[in-house]
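# missing the sequence, but the structure's below:
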Ligand SMILES: [Mg+2]
(Lines give C-alpha, C1' and ligand atoms only; values in the text may rest on other atoms or scores of the structure.)
Protein backbone atom coordinates (compact mmCIF):
# COMPACT_ATOMS: atom_id res chain seq x y z
CA UNK A 1 0.00 0.00 0.00
CA UNK A 2 1.24 3.49 -0.82
CA UNK A 3 2.48 5.28 2.29
CA UNK A 4 1.38 8.86 2.77
CA UNK A 5 2.66 11.29 5.38
CA UNK A 6 0.98 14.63 5.84
CA UNK A 7 2.62 17.63 7.50
CA UNK A 8 0.27 20.42 8.54
CA UNK A 9 1.89 23.72 9.45
CA UNK A 10 -0.10 26.83 10.45
CA UNK A 11 0.93 30.04 8.67
CA UNK A 12 2.51 32.67 10.96
CA UNK A 13 0.40 31.12 13.73
CA UNK A 14 0.69 33.53 16.69
CA UNK A 15 0.68 36.61 14.47
CA UNK A 16 -2.32 35.38 12.46
CA UNK A 17 -4.29 34.74 15.66
CA UNK A 18 -3.54 38.27 16.87
CA UNK A 19 -4.62 39.71 13.53
CA UNK A 20 -7.81 37.69 13.62
CA UNK A 21 -8.64 38.64 17.24
CA UNK A 22 -7.72 42.29 16.65
CA UNK A 23 -9.08 43.36 13.25
CA UNK A 24 -7.22 46.68 13.45
CA UNK A 25 -3.95 44.69 13.11
CA UNK A 26 -4.93 43.06 9.81
CA UNK A 27 -2.61 43.95 6.95
CA UNK A 28 -0.16 45.54 9.39
CA UNK A 29 3.40 44.45 10.20
CA UNK A 30 2.83 42.65 13.50
CA UNK A 31 5.49 41.32 15.82
CA UNK A 32 4.43 39.01 18.63
CA UNK A 33 7.01 39.06 21.35
CA UNK A 34 8.20 40.60 24.50
CA UNK A 35 8.82 41.68 26.96
CA UNK A 36 11.43 44.04 28.29
CA UNK A 37 14.30 45.70 26.48
CA UNK A 38 15.95 42.39 25.67
CA UNK A 39 12.93 40.58 24.31
CA UNK A 40 12.95 38.57 21.13
CA UNK A 41 10.49 38.08 18.27
CA UNK A 42 8.26 35.07 19.00
CA UNK A 43 6.38 35.37 15.73
CA UNK A 44 6.24 37.74 12.79
CA UNK A 45 3.32 38.41 10.45
CA UNK A 46 3.92 38.10 6.72
CA UNK A 47 3.73 41.90 6.40
CA UNK A 48 6.74 42.32 8.69
CA UNK A 49 8.70 39.37 7.30
CA UNK A 50 9.12 41.37 4.10
CA UNK A 51 11.44 43.65 6.06
CA UNK A 52 13.65 40.73 7.04
CA UNK A 53 12.16 40.27 10.50
CA UNK A 54 11.97 36.67 11.67
CA UNK A 55 11.36 34.78 14.89
CA UNK A 56 14.11 34.54 17.53
CA UNK A 57 15.48 37.92 16.37
CA UNK A 58 16.12 40.48 19.15
CA UNK A 59 13.31 43.06 19.22
CA UNK A 60 15.78 45.96 18.96
CA UNK A 61 17.04 44.59 15.65
CA UNK A 62 13.52 43.92 14.40
CA UNK A 63 12.47 47.52 15.05
CA UNK A 64 15.54 48.80 13.26
CA UNK A 65 14.45 46.84 10.19
CA UNK A 66 10.80 47.86 10.50
CA UNK A 67 10.34 50.89 12.79
CA UNK A 68 6.57 51.05 12.23
CA UNK A 69 5.94 47.45 13.27
CA UNK A 70 3.27 46.86 15.92
CA UNK A 71 4.40 44.89 18.97
CA UNK A 72 1.82 42.56 20.54
CA UNK A 73 2.43 40.53 23.71
CA UNK A 74 2.48 36.72 23.59
CA UNK A 75 -0.81 35.11 24.69
CA UNK A 76 0.28 31.50 24.91
CA UNK A 77 -2.91 30.14 26.48
CA UNK A 78 -4.92 31.55 23.57
CA UNK A 79 -2.60 29.92 21.01
CA UNK A 80 -2.80 26.61 22.82
CA UNK A 81 -6.61 26.77 22.79
CA UNK A 82 -6.59 27.30 19.01
CA UNK A 83 -4.01 24.56 18.67
CA UNK A 84 -6.38 22.12 20.40
CA UNK A 85 -9.12 22.98 17.88
CA UNK A 86 -6.77 22.21 14.99
CA UNK A 87 -5.48 18.94 16.46
CA UNK A 88 -9.07 17.84 17.10
CA UNK A 89 -9.83 18.27 13.42
CA UNK A 90 -6.77 16.23 12.40
CA UNK A 91 -7.67 13.45 14.84
CA UNK A 92 -11.03 13.10 13.12
CA UNK A 93 -9.12 11.95 10.04
CA UNK A 94 -6.55 9.65 11.60
CA UNK A 95 -5.70 8.27 15.03
CA UNK A 96 -2.04 8.65 14.04
CA UNK A 97 -1.46 12.35 14.62
CA UNK A 98 1.83 13.55 16.03
CA UNK A 99 1.85 17.10 17.32
CA UNK A 100 5.33 18.43 16.54
CA UNK A 101 4.78 21.85 18.08
CA UNK A 102 1.93 24.16 19.01
CA UNK A 103 1.19 24.85 15.33
CA UNK A 104 2.53 21.82 13.51
CA UNK A 105 1.56 18.17 13.20
CA UNK A 106 2.24 15.02 11.21
CA UNK A 107 -0.56 12.72 10.21
CA UNK A 108 -0.22 9.21 8.84
CA UNK A 109 -2.56 9.27 5.86
CA UNK A 110 -1.73 5.77 4.63
CA UNK A 111 -4.85 3.93 3.55
CA UNK A 112 -7.15 6.86 4.23
CA UNK A 113 -7.99 7.14 0.53
CA UNK A 114 -10.54 4.41 1.05
CA UNK A 115 -12.37 6.61 3.56
CA UNK A 116 -11.79 10.11 2.23
CA UNK A 117 -10.86 9.71 -1.42
CA UNK A 118 -7.60 10.86 -3.02
CA UNK A 119 -5.11 12.57 -0.68
CA UNK A 120 -5.39 15.89 -2.48
CA UNK A 121 -9.11 16.20 -1.77
CA UNK A 122 -8.56 15.15 1.83
CA UNK A 123 -5.89 17.82 2.31
CA UNK A 124 -8.19 20.47 0.84
CA UNK A 125 -10.96 19.40 3.19
CA UNK A 126 -8.65 19.68 6.19
CA UNK A 127 -7.54 23.13 5.10
CA UNK A 128 -11.13 24.24 4.79
CA UNK A 129 -12.15 22.78 8.16
CA UNK A 130 -9.21 24.45 9.88
CA UNK A 131 -10.12 27.77 8.29
CA UNK A 132 -13.76 27.47 9.31
CA UNK A 133 -13.11 26.25 12.85
CA UNK A 134 -10.58 29.00 13.59
CA UNK A 135 -12.39 31.86 11.95
CA UNK A 136 -10.08 32.22 8.99
CA UNK A 137 -6.62 30.90 9.88
CA UNK A 138 -4.72 29.24 7.05
CA UNK A 139 -2.33 26.34 7.10
CA UNK A 140 0.09 24.85 4.60
CA UNK A 141 0.06 21.13 3.96
CA UNK A 142 2.72 18.87 2.55
CA UNK A 143 2.10 15.28 1.46
CA UNK A 144 4.85 12.80 0.67
CA UNK A 145 5.69 9.10 0.94
CA UNK A 146 8.08 9.74 3.88
CA UNK A 147 8.07 11.99 6.92
CA UNK A 148 10.90 14.43 6.23
CA UNK A 149 9.71 15.07 2.68
CA UNK A 150 6.23 15.90 3.97
CA UNK A 151 7.78 18.59 6.15
CA UNK A 152 9.82 19.99 3.29
CA UNK A 153 6.74 19.92 1.05
CA UNK A 154 4.59 21.91 3.50
CA UNK A 155 7.12 24.73 3.23
CA UNK A 156 7.19 24.87 -0.58
CA UNK A 157 4.01 26.83 -1.14
CA UNK A 158 3.50 28.96 2.00
CA UNK A 159 1.18 30.56 3.01
CA UNK A 160 -2.10 28.69 2.44
CA UNK A 161 -0.22 26.10 0.42
CA UNK A 162 -0.69 22.51 -0.64
CA UNK A 163 2.22 20.52 -2.08
CA UNK A 164 2.04 16.87 -2.94
CA UNK A 165 5.15 14.92 -3.72
CA UNK A 166 3.98 11.86 -5.64
CA UNK A 167 6.23 8.81 -5.34
CA UNK A 168 7.36 8.95 -8.98
CA UNK A 169 8.50 12.55 -8.48
CA UNK A 170 10.64 11.98 -5.40
CA UNK A 171 13.86 11.07 -7.16
CA UNK A 172 13.85 14.07 -9.45
CA UNK A 173 12.87 16.39 -6.60
CA UNK A 174 15.71 15.18 -4.41
CA UNK A 175 18.33 15.43 -7.14
CA UNK A 176 18.26 19.21 -7.07
CA UNK A 177 17.20 19.70 -3.42
CA UNK A 178 19.79 21.75 -1.48
CA UNK A 179 21.22 19.64 1.33
CA UNK A 180 20.53 22.26 4.00
CA UNK A 181 16.80 21.77 3.49
CA UNK A 182 17.03 18.34 5.05
CA UNK A 183 15.97 18.60 8.69
CA UNK A 184 18.84 17.65 10.97
CA UNK A 185 21.69 18.95 8.86
CA UNK A 186 23.42 21.22 11.35
CA UNK A 187 25.78 24.12 10.91
CA UNK A 188 29.01 22.13 11.33
CA UNK A 189 27.88 19.54 8.83
CA UNK A 190 26.79 22.21 6.37
CA UNK A 191 30.21 23.82 6.38
CA UNK A 192 32.01 20.52 5.95
CA UNK A 193 29.69 19.61 3.10
CA UNK A 194 30.39 22.88 1.33
CA UNK A 195 34.09 22.10 1.37
CA UNK A 196 33.30 18.86 -0.43
CA UNK A 197 31.45 20.84 -3.12
CA UNK A 198 28.28 18.97 -2.18
CA UNK A 199 25.27 21.22 -2.66
CA UNK A 200 22.33 18.99 -3.44
CA UNK A 201 21.05 15.58 -2.43
CA UNK A 202 22.15 14.41 -5.86
CA UNK A 203 25.71 15.45 -4.97
CA UNK A 204 25.52 13.49 -1.71
CA UNK A 205 25.00 10.27 -3.65
CA UNK A 206 28.30 10.74 -5.50
CA UNK A 207 29.97 9.41 -2.35
CA UNK A 208 29.17 5.98 -0.89
CA UNK A 209 27.50 5.52 2.49
CA UNK A 210 30.78 4.37 4.06
CA UNK A 211 32.34 7.72 3.19
CA UNK A 212 29.58 9.66 4.97
CA UNK A 213 29.72 7.34 7.95
CA UNK A 214 33.48 7.81 8.33
CA UNK A 215 33.09 11.55 8.09
CA UNK A 216 29.98 12.22 10.22
CA UNK A 217 29.10 8.94 11.94
CA UNK A 218 25.40 8.22 12.37
CA UNK A 219 24.40 11.66 11.07
CA UNK A 220 26.30 10.87 7.86
CA UNK A 221 24.41 7.63 7.33
CA UNK A 222 21.12 9.44 7.89
CA UNK A 223 22.11 12.10 5.36
CA UNK A 224 22.92 9.45 2.76
CA UNK A 225 19.56 7.78 3.41
CA UNK A 226 17.57 11.02 3.23
CA UNK A 227 19.29 11.93 -0.04
CA UNK A 228 17.73 8.76 -1.48
CA UNK A 229 14.35 9.55 0.04
CA UNK A 230 14.66 6.98 2.81
CA UNK A 231 13.15 7.87 6.18
CA UNK A 232 12.02 4.95 8.35
CA UNK A 233 10.44 7.15 11.01
CA UNK A 234 6.75 6.62 11.73
CA UNK A 235 4.21 9.12 12.98
CA UNK A 236 4.42 8.91 16.78
CA UNK A 237 1.10 9.96 18.32
CA UNK A 238 2.64 10.81 21.66
CA UNK A 239 6.29 11.30 22.52
CA UNK A 240 7.01 11.63 26.19
CA UNK A 241 9.41 14.47 26.92
CA UNK A 242 13.09 13.68 27.28
CA UNK A 243 13.65 16.63 29.57
CA UNK A 244 11.84 19.48 31.25
CA UNK A 245 13.53 22.83 31.68
CA UNK A 246 12.99 26.51 32.34
CA UNK A 247 15.24 29.51 31.91
CA UNK A 248 15.22 33.27 32.33
CA UNK A 249 17.13 36.10 30.72
CA UNK A 250 17.56 39.02 33.12
CA UNK A 251 16.95 42.64 32.20
CA UNK A 252 20.29 43.48 33.75
CA UNK A 253 23.30 41.18 34.08
CA UNK A 254 24.05 40.13 37.65
CA UNK A 255 26.50 38.35 39.90
CA UNK A 256 24.21 38.34 42.94
CA UNK A 257 24.12 34.74 44.16
CA UNK A 258 20.99 35.19 46.30
CA UNK A 259 19.18 36.63 43.27
CA UNK A 260 20.36 33.76 41.06
CA UNK A 261 19.17 31.24 43.64
CA UNK A 262 15.77 32.87 43.89
CA UNK A 263 15.40 32.25 40.18
CA UNK A 264 16.60 28.67 40.57
CA UNK A 265 13.79 28.18 43.06
CA UNK A 266 11.17 29.53 40.66
CA UNK A 267 12.49 27.28 37.90
CA UNK A 268 12.65 24.25 40.20
CA UNK A 269 9.03 24.85 41.13
CA UNK A 270 7.95 25.32 37.52
CA UNK A 271 9.83 22.26 36.26
CA UNK A 272 8.87 20.13 39.25
CA UNK A 273 5.22 20.94 38.73
CA UNK A 274 5.39 19.91 35.09
CA UNK A 275 7.11 16.64 36.02
CA UNK A 276 4.54 15.86 38.69
CA UNK A 277 1.69 16.52 36.28
CA UNK A 278 3.14 13.90 33.95
CA UNK A 279 4.07 11.51 36.75
CA UNK A 280 7.71 11.76 35.75
CA UNK A 281 10.84 11.93 37.84
CA UNK A 282 14.39 12.46 36.71
CA UNK A 283 17.85 11.63 37.86
CA UNK A 284 19.86 14.23 35.97
CA UNK A 285 19.79 17.88 37.04
CA UNK A 286 21.39 20.42 34.73
CA UNK A 287 22.29 24.01 35.52
CA UNK A 288 22.81 26.43 32.66
CA UNK A 289 24.45 29.84 32.90
CA UNK A 290 25.01 32.34 30.15
CA UNK A 291 27.50 35.10 30.83
CA UNK A 292 27.12 38.69 29.68
CA UNK A 293 29.46 37.91 26.77
CA UNK A 294 27.11 35.05 25.73
CA UNK A 295 29.50 32.29 26.78
CA UNK A 296 27.36 29.44 28.06
CA UNK A 297 28.31 26.83 30.60
CA UNK A 298 26.35 23.86 31.87
CA UNK A 299 26.90 21.76 34.96
CA UNK A 300 25.08 18.54 35.62
CA UNK A 301 24.83 15.84 38.19
CA UNK A 302 23.25 12.40 38.17
CA UNK A 303 21.44 11.57 41.39
CA UNK A 304 21.20 8.15 42.95
CA UNK A 305 17.43 8.28 43.05
CA UNK A 306 15.18 10.18 40.64
CA UNK A 307 13.38 13.26 41.97
CA UNK A 308 10.42 15.41 41.11
CA UNK A 309 9.95 17.60 44.19
CA UNK A 310 10.57 21.32 43.97
CA UNK A 311 12.79 21.28 47.03
CA UNK A 312 15.06 18.47 45.83
CA UNK A 313 15.49 19.94 42.36
CA UNK A 314 16.22 23.33 43.91
CA UNK A 315 18.76 21.98 46.39
CA UNK A 316 20.63 20.08 43.72
CA UNK A 317 20.71 23.06 41.37
CA UNK A 318 21.99 25.27 44.19
CA UNK A 319 24.83 22.90 44.96
CA UNK A 320 25.76 22.93 41.28
CA UNK A 321 25.76 26.72 41.34
CA UNK A 322 27.86 26.74 44.54
CA UNK A 323 30.57 24.82 42.67
CA UNK A 324 30.78 27.30 39.83
CA UNK A 325 33.35 30.07 40.13
CA UNK A 326 31.53 32.85 38.36
CA UNK A 327 33.72 34.39 35.70
CA UNK A 328 31.65 37.50 35.25
CA UNK A 329 28.10 38.72 35.28
CA UNK A 330 25.31 36.37 34.32
CA UNK A 331 22.59 37.22 31.79
CA UNK A 332 20.64 33.97 31.85
CA UNK A 333 20.04 31.15 34.29
CA UNK A 334 18.24 27.93 33.56
CA UNK A 335 17.74 24.50 34.97
CA UNK A 336 16.60 21.22 33.53
CA UNK A 337 15.67 17.76 34.70
CA UNK A 338 16.21 14.72 32.49
CA UNK A 339 17.11 11.04 32.77
CA UNK A 340 13.54 10.01 33.40
CA UNK A 341 12.53 6.59 34.55
CA UNK A 342 11.16 4.66 31.62
CA UNK A 343 8.02 3.81 33.50
CA UNK A 344 6.24 6.88 34.81
CA UNK A 345 4.99 6.08 38.28
CA UNK A 346 1.99 7.33 40.15
CA UNK A 347 2.69 9.92 42.77
CA UNK A 348 0.94 7.82 45.39
CA UNK A 349 3.41 5.03 44.72
CA UNK A 350 6.21 7.51 44.99
CA UNK A 351 4.95 8.63 48.34
CA UNK A 352 5.08 5.10 49.61
CA UNK A 353 8.65 4.24 48.74
CA UNK A 354 10.60 7.44 49.29
CA UNK A 355 12.73 8.17 52.29
CA UNK A 356 11.06 10.38 54.86
CA UNK A 357 12.38 13.69 53.62
CA UNK A 358 11.41 13.17 50.01
CA UNK A 359 8.04 11.85 51.17
CA UNK A 360 7.41 15.02 53.16
CA UNK A 361 8.42 17.15 50.21
CA UNK A 362 6.21 15.19 47.83
CA UNK A 363 3.26 15.72 50.17
CA UNK A 364 3.83 19.46 50.27
CA UNK A 365 4.11 19.61 46.48
CA UNK A 366 0.96 17.56 46.15
CA UNK A 367 -0.97 20.06 48.27
CA UNK A 368 0.49 23.06 46.46
CA UNK A 369 -0.23 21.58 43.04
CA UNK A 370 -3.83 20.84 43.96
CA UNK A 371 -4.42 24.34 45.33
CA UNK A 372 -2.88 25.92 42.26
CA UNK A 373 -4.90 23.73 39.91
CA UNK A 374 -8.05 24.75 41.73
CA UNK A 375 -7.50 28.41 42.44
CA UNK A 376 -4.87 29.51 39.94
CA UNK A 377 -1.12 29.84 39.90
CA UNK A 378 -0.92 32.90 42.12
CA UNK A 379 -3.34 31.59 44.75
CA UNK A 380 -0.63 30.06 46.90
CA UNK A 381 2.94 31.23 46.84
CA UNK A 382 5.77 29.53 48.58
CA UNK A 383 7.50 31.59 51.23
CA UNK A 384 10.66 31.74 49.21
CA UNK A 385 8.82 33.28 46.29
CA UNK A 386 6.99 35.84 48.35
CA UNK A 387 9.32 38.61 47.29
CA UNK A 388 8.94 38.67 43.56
CA UNK A 389 12.30 38.86 41.80
CA UNK A 390 12.92 41.76 39.43
CA UNK A 391 11.12 41.60 36.12
CA UNK A 392 12.59 39.60 33.29
CA UNK A 393 11.44 37.21 30.66
CA UNK A 394 10.99 33.56 31.27
CA UNK A 395 10.48 30.72 28.91
CA UNK A 396 8.97 28.48 28.00
MG1 LIG B 1 4.09 27.40 11.46
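Cool, got the structure. The shown structure was predicted, so the numbers you read here are calculated from the model rather than taken from an experiment.

# what mean pLDDT does stretch 183-197 get?
Across stretch 183-197, pLDDT averages out at 84.

# may I see the buried residues of that stretch?
Residues of stretch 183-197 classed as buried under the neighbour-count rule (16 or more other Cβ atoms under 10 Å) are 185, 189, 193. C-beta: built from backbone N, CA, C; applies to glycine.

# next: stretch 122-135.
Within stretch 122-135, the residues that count as buried by 16+ other Cβ under 10 Å are 122, 123, 126, 127, 129, 130, 134.

# can you confirm whether it lies near the ion?
No. Judged by Cβ under 5 Å from the ion, stretch 122-135 stays clear of the ion, getting no closer than 12.3 Å.

# where's the residue of the stretch 51-200 of the chain found nearest the ion relative to residue 299, distance?
Nearest residue of the stretch 51-200 of the chain to the ion (Cβ to the ion) works out as residue 103 at 4.5 Å. Distance, residue 103 to residue 299, by Cβ to Cβ, to the nearest Å: 34 Å.

# give me the more crowded residue out of these two.
More crowded of residue 103 and residue 299, by other Cβ atoms under 10 Å: residue 103, with 22 against 15.

# tell me the contacts of the more buried one?
9, 10, 13, 14, 79, 83, 86 (Cβ atoms under 8 Å, 6 or more residues apart in numbering).

# what of residue 102?
Here residue 102 is in contact with 13, 79, 80, 83 (criterion: Cβ under 8 Å, 6+ apart).

# I'd like the distance between residue 128 and residue 231.
29 Å.

# around the closest residue to the ion within the stretch 201-350 of the chain, how many other residues sit close by?
Using Cβ to the ion, the closest approach of the stretch 201-350 of the chain to the ion is made by residue 235 at 18.0 Å. Neighbourhood size, residue 235 [other Cβ under 10 Å]: 21.

# does it count as helix, strand or coil?
At residue 235 the chain is in coil, as set by DSSP: H, G, I helix; E, B strand; the rest coil.

# and it, backbone torsions?
Here is the backbone geometry of residue 235 (degrees, to the nearest 10): phi -80, psi 120.

# surely it is in contact with residue 110?
No. If you go by Cβ atoms under 8 Å, residue 235 and residue 110 don't touch, sitting 9.2 Å apart.

# not counting sequence-adjacent ones, nearest residue to residue 309?
Among residues not flanking residue 309 along the chain, residue 361 sits closest, at 3.9 Å (Cβ to Cβ, 6 or more residues apart in numbering).

# what do you get for residue 264?
residue 317 (4.7 Å).

# tell me the residues of the chain that contact the ion?
9, 10, 103.

# which one among those residues gets closest to residue 242?
residue 103 (21.1 Å; Cβ to Cβ).

# ok, which stretches of the stretch 201-350 of the chain are strands?
Assigned by DSSP state E, counting those that start in this stretch, the stretch 201-350 of the chain shows strands spanning 243-254, 282-291, 296-307, 330-340.

# export the contacts of residue 102 to CSV and tack on neighbour count, pLDDT and secondary structure?
Output for the contacts of residue 102, formatted as CSV (neighbours: other Cβ atoms under 10 Å; pLDDT from 0 to 100; DSSP: H, G, I helix; E, B strand; the rest coil):
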residue, neighbour count, pLDDT, secondary structure
13, 22, 96, helix
79, 20, 91, helix
80, 10, 86, helix
83, 21, 93, helix
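
# show me the residues of the chain next to the ion that map onto strands.
9, 10 (DSSP state E).

# using a markdown table, lay out the residues of the chain next to the ion together with pLDDT.
Below are the residues of the chain next to the ion laid out as a markdown table (pLDDT from 0 to 100):
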| residue | pLDDT |
| --- | --- |
| 9 | 98 |
| 10 | 97 |
| 103 | 94 |
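
# tell me where the stretch 1-150 of the chain has helices.
Counting by DSSP state H, counting those that start in this stretch, the stretch 1-150 of the chain has helices at residues 13-21, 46-49, 59-65, 76-93, 113-116, 119-133, 147-154.

# out of these, nearest to residue 242?
By Cβ to Cβ (comparing all of the helices of the stretch 1-150 of the chain), the closest turns out to be helix 147-154, at 18.8 Å.

# what comes into contact with that closest one?
Against helix 147-154 from outside (Cβ under 8 Å, 6+ apart): 5-9, 106, 140-144, 161, 163-165, 170, 173, 177, 181-184, 226, 229, 231, 233-235.

# beyond that helix, next helix or strand please.
strand 162-164 (DSSP states H and E).

# run a quick neighbour tally on residue 338.
17.

# again with residue 281
27.

# quick revisit: let's have the residues of the chain next to the ion in a markdown table, adding distance to residue 263.
Output for those, formatted as a markdown table (distance: Cβ to Cβ, whole Å):
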| residue | distance to residue 263 |
| --- | --- |
| 9 | 34 |
| 10 | 32 |
| 103 | 29 |
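
# you'd agree residue 253 is up against residue 330?
Yes. Using Cβ under 8 Å, residue 253 is in contact with residue 330, at 6.3 Å.

# more neighbours: the two, which one.
residue 330 (24 against 15).

# now the more buried one: closest residue in space, sequence neighbours ignored.
residue 289 (5.4 Å).

# how much space separates that neighbour from residue 254?
Counting by Cβ to Cβ, the gap from residue 289 to residue 254 is 11 Å.

# residue 85 now?
For residue 85 relative to residue 254 (Cβ to Cβ), the value is 42 Å.

# the more surrounded of the two?
Taking neighbours as other Cβ under 10 Å, residue 85 and residue 254 compare with residue 254 leading, 18 against 14.

# now do the contacts for the more buried one.
Here residue 254 is in contact with 260, 329, 330 (criterion: Cβ under 8 Å, 6+ apart).

# which ones are touching the second one?
Read it as residue 329. 253, 254, 255, 291, 292.
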